[in-house]
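Asks: Test case, fold it:
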Amino acid sequence: HVQLVESGGGSVRAGGSLRLACAVSGYTRDTFCMGWFRQPPGKERERVARIDSDGSTKYTDSVKGRFTISKDNDKNTLFLQMNSLKPEDTAMYYCAASYTCLATMNLWNYAYWGQGTQVTVS
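Replies: Residues are numbered from 1 along each chain as shown. You can find the predicted model right below:
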C-alpha cells in the first residue's frame with residue numbers, strides 16, 4: 001500500500017527558508033497526483049500546492065512566488081521549497097497523494113496522507 005513520510009520541518013525566523021520532503025512508496029500506477037496541505041493551530045487543513053503526474057503545478061495564492069513544489073521520480077520523493085517564510089506559514093504540513101487527478105483536488109480527493117511535519121516561523 002502507499003506510504004508517505006514527511007521530513008524537513010523545523011523552526012525558522014521570518015524571511016528564512018525550509019525544504020520539506022515526502023518519501024513515497026508503494027504506488028503502482030503512473031498517474032499519481034500529489035500535494036502539500038497545512039493545518040495552522042486551531043484552524044482547518046488547507047491546500048498549499050499540488051503537482052500532477054505530468055509535472056504541472058498549482059499553488060494557493062498566499063504562497064505563490066514563495067513556495068515551489070517539485071518531485072524527484074528517481075528517488076520517489078516530493079519536495080516543498082519554502083522561501084520568505086512568514087509567521088502565518090506556521091502549521092503542520094502534510095503531503096498527500098491520489099491515483100485520481102481532478103481539475104480541483106480538495107482534501108477529500110486524496111486517499112493517502114503522511115503523518116505531518118511541523119513548521120514554526122517566528
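Asks: List the buried residues of stretch 5-19.
Replies: Neighbour-count burial for stretch 5-19, counted by 16 or more other Cβ atoms under 10 Å, picks out Glu6, Gly8, Gly9, Val12, Leu18. (Glycine included, C-beta is placed from N, CA and C.)
Asks: In helices, which of those appear?
Replies: Using DSSP state H, no member of the buried residues of stretch 5-19 sits in helices.
Asks: Let's have those in a markdown table, adding distance to Thr90 and pLDDT.
Replies: Shown next, in a markdown table, are the buried residues of stretch 5-19 (distance: Cβ to Cβ, whole Å; pLDDT from 0 to 100):
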| residue | distance to Thr90 | pLDDT |
| --- | --- | --- |
| Glu6 | 16 | 96 |
| Gly8 | 15 | 97 |
| Gly9 | 11 | 96 |
| Val12 | 10 | 98 |
| Leu18 | 11 | 98 |
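Asks: ok, which pair from these is furthest apart?
Replies: Maximum pairwise distance in the buried residues of stretch 5-19, criterion Cβ to Cβ, is 16.1 Å, between Glu6 and Val12.
Asks: Could you list the buried residues of stretch 91-102?
Replies: Residues of stretch 91-102 classed as buried by neighbour count (16+ other Cβ under 10 Å): Ala91, Met92, Tyr93, Tyr94, Cys95, Ala96, Ala97, Ser98, Tyr99, Cys101.
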